[in-house]
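Engineer: just coords:
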Ligand SMILES: [Zn+2]
Ligand SMILES: [Zn+2]
């Protein structure tokens with residue numbers, strides 16, 4: 001039989017194998033495959049106390065790990081239902097703590113189950129016990145018991161279990177294994193069923209999910225397991241801390257475009273919620289809600305339309321975010337990025353009018369942050385594409401030239417050039433007059449400095465008036 005091999009901080013171990021490979025979430029009384037016994041002749045000394053065997057020192061087999069140990073190190077007997085053994089059997093000192101807790105978890109008494117969960121949670125924090133937690137069924141027990149205590153709710157036990165699963169999830173080398181056993185489903189079930197006022201349990205649960213969302217591979221597994229619905233529900237929790245953690249998790253899930261329809265057109269009013277949070281009191285909350293909206297704004301025109309529509313219904317939180325008085329670069333940058341993305345939509349230019357004003361006001365202010373300036377310039381270029389916005393964007397033309405077109409950051413100067421070219425097309429005379437006062441030379445320098453652009457211009461001109469011809 002092939003056992004998995006894991007290693008954490010140089011300690012190698014082989015996690016328990018469950019008989020019949022059953023899903024422990026559905027089979028709380030699972031039985032582990034017994035480990036093979038070490039042959040007597042292989043053992044010359046007790047691995048725990050190092051005393052030599054022979055003479056009066058007799059050999060004993062630990063029923064859990066199968067190693068040969070001395071009597072002193074193997075003098076306790078406990079029943080091992082997790083190995084299919086109901087009678088008390090000899091267990092070595094090394095296996096005892098985890099094994100005793102796993103045995104206790106099978107008790108019918110709530111106090112014993114509570115003690116088991118508490119002990120296992122404590123041992124998860126001790127990296128020396130970590131391997132044994134996996135080897136002797138501690139992890140499988142935590143996962144199985146999480147389901148048991150949801151069906152007959154015992155929140156005290158649940159608090160220890162979720163805290164333990166959270167701790168284990170922080171060890172990167174065991175994440176893959178735990179995902180294969182079903183930890184994501186377990187966490188989602190807990191988050192689905194635990195009452196909304198159990199703040200600490202919910203926080204531990206959502207933080208655990210968040211750990212897995214940081215990896216692309218696990219992120220799609222979280223989605224497959226129903227994580228999106230769970231997170232969306234928790235975004236409406238009454239605790240700000242739970243909401244912040246949930247929206248942060250959501251901001252990772254929305255990187256996957258398959259989530260967008262459920263958020264934008266789903267039945268949970270999630271989009272409305274995100275927009276409300278974009279105008280929340282806490283800048284941290286605003287920033288993550290805006291980050292979610294940003295990902296949503298990168299999709300179809302319909303998605304953009306829905307965001308703009310809900311923004312209006314929610315009392316224009318995007319405008320509020322752009323007007324946030326307290327200095328918070330992340331909020332402004334995320335809000336400006338969102339508005340810039342939305343401004344590409346051919347419909348819905350009118351409802352964004354307030355946001356355009358805010359962007360122009362920010363541009364005129366003394367901001368210097370490159371990210372923010374880049375989003376604002378991009379937004380103005382997008383707005384300038386539409387003739388109905390020309391005269392307003394034209395009113396900041398001198399600032400666009402001095403602050404953006406002359407900027408050393410290439411992205412900013414190129415977006416500025418794009419804005420100015422739109423203005424030249426849509427409002428030719430006014431724009432030329434303005435540029436002649438200051439800026440014409442910058443525009444030409446930028447055009448000449450963009451080789452692809454001059455190439456494209458030459459190729460169009462070549463078609464219109466070829467550089468070779470027959471004699472007349
Ligand atoms: Zn010994
Ligand atoms: Zn042992």
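Structural biologist: Cool, got the structure. Predicted, not measured: the structure shown is a model, and the values here were computed from it. Ligands and ions are numbered 1, 2, ... in the order given.
Engineer: isn't residue 74 up against residue 95?
Structural biologist: No: when contacts are counted by CB atoms under 8 Å, residue 74 is not listed as touching residue 95 (9.2 Å). C-beta coordinates here come from the backbone N, C-alpha and C atoms, glycine included.
Engineer: low-confidence stretches in the stretch 151-300 of the chain?
Structural biologist: Counting by pLDDT under 70, the stretch 151-300 of the chain shows no low-confidence range.
Engineer: any chance you could map the helices in it?
Structural biologist: 155-169, 172-181, 183-193, 199-213, 216-224, 227-234, 240-253, 260-265, 270-277, 283-296 (DSSP state H, counting those that start in this stretch).
Engineer: give me the common contacts of residue 74 and residue 95.
Structural biologist: When contacts are counted by CB atoms under 8 Å, 6 or more residues apart in numbering, residue 74 and residue 95 have residue 62 as shared neighbours.
Engineer: quick one: is the strand ranked longest in the chain near ligand 2?
Structural biologist: Identified as the longest strand of the chain according to DSSP state E is strand 85-91. No: remark: strand 85-91 sits outside contact range of ligand 2, by CB under 5 Å from the ion, the gap being at least 6.1 Å.
Engineer: who in the stretch 51-200 of the chain is up against ligand 2?
Structural biologist: 62, 64, 65, 92, 95.
Engineer: about what we covered before: kindly reformat the helices of the stretch 151-300 of the chain as CSV containing distance to residue 447.
Structural biologist: Compiled in CSV, those are given as follows (distance: least, CB to CB, whole Å):
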stretch, distance to residue 447
helix 155-169, 54
helix 172-181, 50
helix 183-193, 53
helix 199-213, 44
helix 216-224, 40
helix 227-234, 46
helix 240-253, 38
helix 260-265, 37
helix 270-277, 39
helix 283-296, 31
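Engineer: okay if I get the ones you listed as a markdown table plus mean neighbour count?
Structural biologist: Converted to a markdown table, those look like this (neighbours: other CB atoms under 10 Å):
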| stretch | mean neighbour count |
| --- | --- |
| helix 155-169 | 23 |
| helix 172-181 | 16 |
| helix 183-193 | 22 |
| helix 199-213 | 22 |
| helix 216-224 | 16 |
| helix 227-234 | 22 |
| helix 240-253 | 22 |
| helix 260-265 | 18 |
| helix 270-277 | 22 |
| helix 283-296 | 24 |
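Engineer: got those helices as CSV, with distance to ligand 1 columns?
Structural biologist: CSV is the format used below for the helices of the stretch 151-300 of the chain (distance: least, CB to the ion, whole Å):
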stretch, distance to ligand 1
helix 155-169, 30
helix 172-181, 29
helix 183-193, 35
helix 199-213, 38
helix 216-224, 42
helix 227-234, 47
helix 240-253, 47
helix 260-265, 58
helix 270-277, 59
helix 283-296, 54
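Engineer: ends of stretch 344-357, how far apart?
Structural biologist: End-to-end span of stretch 344-357 (CA to CA, to the nearest Å): 16 Å.
Engineer: which other residues reach it?
Structural biologist: By CB under 8 Å, 6+ apart, stretch 344-357 touches 301, 304-305, 308-309, 311-312, 316, 318-319, 322, 339, 342-343, 379-380, 382-383, 385-386, 388-389, 392-393.
Engineer: just the buried members of these?
Structural biologist: Buried members of these, counted by 16 or more other CB atoms under 10 Å: 304-305, 308, 311, 316, 318-319, 322, 339, 342-343, 379-380, 382-383, 385-386, 389, 393.
Engineer: which part of the stretch 151-300 of the chain gets nearest to ligand 2, residue-wise?
Structural biologist: residue 174 (20.8 Å; CB to the ion).
Engineer: tell me how far the residue nearest to that residue when sequence neighbours are not counted lies from residue 139.
Structural biologist: Nearest non-adjacent residue to residue 174, counting by CB to CB, 6 or more residues apart in numbering: residue 6, 5.8 Å away. Separation of residue 6 from residue 139 (CB to CB, to the nearest Å): 11 Å.
Engineer: for the longest strand of the chain, name the packing helices and strands.
Structural biologist: Applying 3 or more CB pairs under 8 Å, 6 or more residues apart in numbering; DSSP states H and E, one finds that strand 85-91 makes contact with strand 76-80.
Engineer: what comes up buried for the strand it packs on?
Structural biologist: 78, 80.
Engineer: stretch 349-368 too?
Structural biologist: Of all the residues in stretch 349-368, those buried under the rule 16+ other CB under 10 Å are 349, 351, 352, 354, 355, 356, 358, 359, 360, 362, 363, 367.
Engineer: tell me, what's touching residue 6 and residue 139 both at once?
Structural biologist: Shared contacts of residue 6 and residue 139, defined by CB under 8 Å, 6+ apart, are found at residue 15.
Engineer: kindly list the longest helix within this structure.
Structural biologist: helix 410-426 (DSSP state H).
Engineer: which residue does the stretch 301-450 of the chain bring closest to ligand 1?
Structural biologist: residue 330 (58.6 Å).
Engineer: what helices or strands is the helix or strand harbouring that residue leaning on?
Structural biologist: Of the helices and strands defined by DSSP states H and E, residue 330 is found in helix 329-342. The contact analysis (3+ CB pairs under 8 Å, 6+ apart) places helix 329-342 against helix 283-296, helix 301-313, helix 317-322, helix 353-364, helix 370-384.
Engineer: what distance do you get for the spatially closest residue to residue 81 that is not a sequence neighbour to residue 241?
Structural biologist: Distances taken as CB to CB, 6+ apart put residue 106 closest to residue 81, at 4.9 Å, once the chain neighbours are dropped. Per CB to CB, residue 106 is found 35 Å from residue 241.
Engineer: same question for residue 401.
Structural biologist: Taking CB to CB, one finds residue 401 at 46 Å from residue 241.
Engineer: show me which residues of the stretch 1-150 of the chain sit near ligand 1.
Structural biologist: Checking the stretch 1-150 of the chain against ligand 1 by CB under 5 Å from the ion, the hits are 46, 48, 49, 70, 73.
Engineer: quick check, pLDDT for the second one.
Structural biologist: Note on residue 48: pLDDT of 94.
Engineer: that older thread, need the residues of the stretch 1-150 of the chain next to ligand 1 in JSON lines (columns: distance to residue 246).
Structural biologist: Compiled in JSON lines, these are given as follows (distance: CB to CB, whole Å):
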{"residue": "46", "distance to residue 246": "51"}
{"residue": "48", "distance to residue 246": "46"}
{"residue": "49", "distance to residue 246": "50"}
{"residue": "70", "distance to residue 246": "53"}
{"residue": "73", "distance to residue 246": "48"}
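Engineer: buried ones among those?
Structural biologist: Applying 16+ other CB under 10 Å to these flags 46, 48, 70, 73 as buried.
Engineer: point me to the residue of the stretch 351-472 of the chain nearest ligand 2.
Structural biologist: Nearest residue of the stretch 351-472 of the chain to ligand 2 (CB to the ion) works out as residue 371 at 56.8 Å.
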